[in-house]
Structure formats: structure tokens, C-alpha cells
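1. Got a predicted structure plus its sequence, pasted below:
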Amino acid sequence: MSKLPDEFTALVVSQTPGNQTPEKTTASTIQHVLPSDLPAGDVTIRVAYSSLNYKDALAIGGHPGVVRRFPHVPGIDAAGTVVASDSPSYTAGQKVLVTGFDLGAGSWGGYSEYIRVPANWVVPLPAGLTAREAMIFGTAGFTAAQSLSAIEAHGVGPEDGELLVTGATGGVGSLAVAMAARAGYQVVAATGKSDAHAWLEQLGAARIVDRHECTDESGRPLLGAKWAGAIDTVGGAMLTTALRSTALHGCVTCCGMVAGDEINVSIFPFILRGVALVGIDSAWFASARRGALWQRMAGPWRPADLEALVCSTTSLEGLDDYVHQIRAGKIRGRVVVEIAGE
Ligand SMILES: NC(=O)c1ccc[n+]([C@@H]2O[C@H](COP(=O)([O-])OP(=O)(O)OC[C@H]3O[C@@H](n4cnc5c(N)ncnc54)[C@H](OP(=O)(O)O)[C@@H]3O)[C@@H](O)[C@H]2O)c1
């Protein structure tokens, strides 16, 4: 077993007890921690890169829906090198990645030079993908890939018509645009950012629409059938509009809630058009199926220019600014977090 250093650094979120308002009592600081602070687990990994997802921003704010106890180390993504393993599936020196499960939510996360996790959380880094590139994808890309895979599994192919992606400049949205375009779909990107149209076209969008055009609050149970399918990343009225605008036997996936966690929709899209609504949960996606999906992300679905999806690369010290931006829906693409580097 490789020896861990006597101490290393991690971003630690603490909460002052006694106040009911988490945002006001929560502080995140970079601290020196000890190897003995790491949780029990099979595989110890030196983290080269992590990333910033919307859920990480919630965790840094101490959101009770994400963080279950304090002090907490956030970071739902990590890619790096195995330094010690009690599992026969992994050996020291192997390049790996971890996304989801309880990483950075209920347990110690990737904003740390070292993590220790159960073996079934670990995925070997696909050939041709560096740790940094894996974190350009991160949970956002994995969620987008799951969404695309669900559309495909439902039988909606590129020949069936346009595929809508909402929240198109966000982490999940931008990777969905880029990967669906690579898979041959005519992608319509819905965005609230009027200055991002050229960038979305560069990623592969065939057409851009303003977010408001995809938000119908008329209450009509069905709208004109526009989309063969939709990858919704924002929820709320945009999701209900997508469901009501999807053509016969189409498929809509749903993963996010930045625009609302409730939907108000009649059963008509489902019983008159046979539209399917597929929920996406990337955190607990079966371990046995993860490797195959990552192979598609690193292979046929790999965006033509993965680096074009990077909004910024930051250290843990510089993360705060991007946390505010992602909470405000202002990030374009992905923020990569450099921990120990390659
Ligand atoms: N289920 C899962 O497993 C899973 C996994 C990953 C993420 N998620 C969820 O998916 C959502 C997106 O995550 P992300 O990491 O991609 O976040 P993100 O990078 O912040 O992207 C969200 C995008 O949504 C759009 N948006 C923001 N506020 C909006 C509003 N009020 N109305 C309509 N659109 C709005 C913006 O894009 P435009 O400006 O281009 O419109 C924004 O960039 C989050 O709710 C996240 O928690 C779920």
C-alpha cells in the first residue's frame, strides 16, 4: 500500500449549531485534514481533478437536501489515481473516476486531495480520456449521457425529428447538446442567454430558441407537436411545456429543478400521444452499467471539442466565485476544479 501524507488539504463545510438558516451559519474553508479523517472504504484515490455541479453549490451552502452531517467535504465528482486498494478490481497506480453515489453528499467528497470509497463506486478511466477530461464531463456529462441513452432506448432516433435540450448552456444541458449532436440528432437548444447562441452552435446545436418560447403558461393540455424528444434539465413550466409539445410516441427526460420542482400537467400527453417521461437519477445509476456508458461518452458521443465546454478551471481557493454564478444560473458549460493535478 502506498503511504498517504501525514496531512493533506480538503474543502470543509462547517455549520454553527443553533441557527435555523443554513446559508447564514454555514462556512466553507480549506483545511489541513488527516488520513485518519477519511471514511472507511475499499479504494483510496489521489484526486487530480473534480468539477462544480449545481448540487455541489447546494452542498457548499450546507443545503439540508444534500448534506446530512457536518463537518462535510463536498464534491460529487473525482478523477485521479488509486493509491491503495483492498479490492481485487483495482490496483495502485490505476487511473479511475468516481461520480455520484454518496460522494460529496452523505459522505466525504472530491474537493479533497484524497478520497476513500467503496469499490463499486469506482469506474476505470476510459481509454483516451484524461482525468481532467473526465471531469469536464463529470456528473453533468454522465447525466446528459444517461438522458440521451434513455431517449435512444425509447426508440426515438435522429430520423424522428428535432430533439429539444433545455437549460442548454448549463453543465448538463451543454453536454447534452454536444453529445446528442455527435449522435446525429437535430438539436434545438433552449437558453435564456442571448449571448451564447454562437457557442451553442459551435457545440453542435442546429437551432437555438429563447427559453421563453419553450415556456407556455396558457394551461392548454396539449400544444403543437414540435419535438421528437426532449432532454429537460430545468423542470417546472419548461418541463410541462416540453411534455405538451412532444410528438406522438416521443420521449422526455427529466433530471433537474432549477426552474421548479413541481409540474402541473394533465394526462393527455401520455394517453393521447403516448409520450414517455423518464426520470434520470445519475447518483445511484447501477455500477455494472457505468463503464459502458463512459465508453460511449469517451468514444462515439465524445464532443468534437471537449475543451470548448470548459467555462473555467479553478483551484479550491478560487471556487467561491463560481459557486455564486452557478446558483444564479450564469455558468456557461463546466467548471473544472484542479485538486492535485495530473
Ligand atoms: N437527476 C440527476 O441525477 C442530476 C444530475 C445532475 C444535475 N441535476 C440537476 O440538473 C439541473 C441542472 O444541473 P447543472 O449542473 O447543469 O446546472 P447549471 O450548470 O447551473 O445549469 C442550469 C441551467 O438552467 C438554466 N436555468 C437556470 N435558471 C433557470 C430558470 N429559472 N428557468 C429556466 N432555466 C434556468 C440555465 O441555462 P440557460 O441560461 O441556457 O437557459 C442554467 O445554465 C440542476 O437542478 C441539478 O441539480 C440532476
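-> Thanks, I have the structure now.
2. ok, whatever residue of the chain ends up closest to the ligand - how many residues close by?
-> The ligand sits closest to Gly170 of the chain, with a gap of 1.9 Å, by CB to the nearest ligand atom. C-beta: built from backbone N, CA, C; applies to glycine. Neighbourhood size, Gly170 [other CB atoms under 10 Å]: 28.
3. So it is in contact with Ala328, correct?
-> No. At 11.7 Å, Gly170 does not count as touching Ala328 under the criterion of CB atoms under 8 Å.
4. And the helices in the stretch 201-342 of the chain?
-> Applying DSSP state H, counting those that start in this stretch to the stretch 201-342 of the chain gives helices spanning 236-244, 268-271, 287-298, 319-327.
5. now, of these, which is deepest in the fold?
-> Among those, ranked by average contacts under mean count of other CB atoms under 10 Å, first place goes to helix 236-244 (a mean of 25).
6. and that helix, what's its mean pLDDT?
-> For helix 236-244, mean pLDDT is 98.
7. which helices and strands does it pack with?
-> strand 227-232, strand 246-254, helix 268-271 (3 or more CB pairs under 8 Å, 6 or more residues apart in numbering; DSSP states H and E).
8. Adjacent strands (with direction) for the longest one?
-> By that I understand strand 246-254. Here strand 246-254 has these sheet partners by DSSP bridges: strand 227-232 (parallel), strand 276-279 (parallel).
9. Pipe the ones you listed into a markdown table and attach mean neighbour count and distance to Gly291 per row.
-> As requested, the strands paired with strand 246-254 are exported to a markdown table (neighbours: other CB atoms under 10 Å; distance: least, CB to CB, whole Å):
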| stretch | mean neighbour count | distance to Gly291 |
| --- | --- | --- |
| strand 227-232 | 30 | 22 |
| strand 276-279 | 16 | 21 |
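10. List the contacts of Thr99.
-> If you count contacts by CB atoms under 8 Å, 6 or more residues apart in numbering, Thr99 has them with 76-78, 123, 138-139, 142, 282.
11. which residues does Gly192 contact?
-> Per CB under 8 Å, 6+ apart, neighbours of Gly192: 210-212, 329.
12. do Cys311 as well
-> 322, 331-335.
13. With mean pLDDT and distance to Pro64 as extra columns, can I get the strands paired with strand 246-254 in a markdown table?
-> Putting the strands paired with strand 246-254 into a markdown table (pLDDT from 0 to 100; distance: least, CB to CB, whole Å) gives the following:
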| stretch | mean pLDDT | distance to Pro64 |
| --- | --- | --- |
| strand 227-232 | 98 | 25 |
| strand 276-279 | 98 | 22 |
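14. Can you say which of those strands is nearest to Val66?
-> strand 276-279 (18.2 Å; CB to CB).
15. which non-adjacent residue is nearest Pro158?
-> Excluding the flanking residues, the one nearest Pro158 by CB to CB, 6 or more residues apart in numbering is Gly184, at 3.9 Å.
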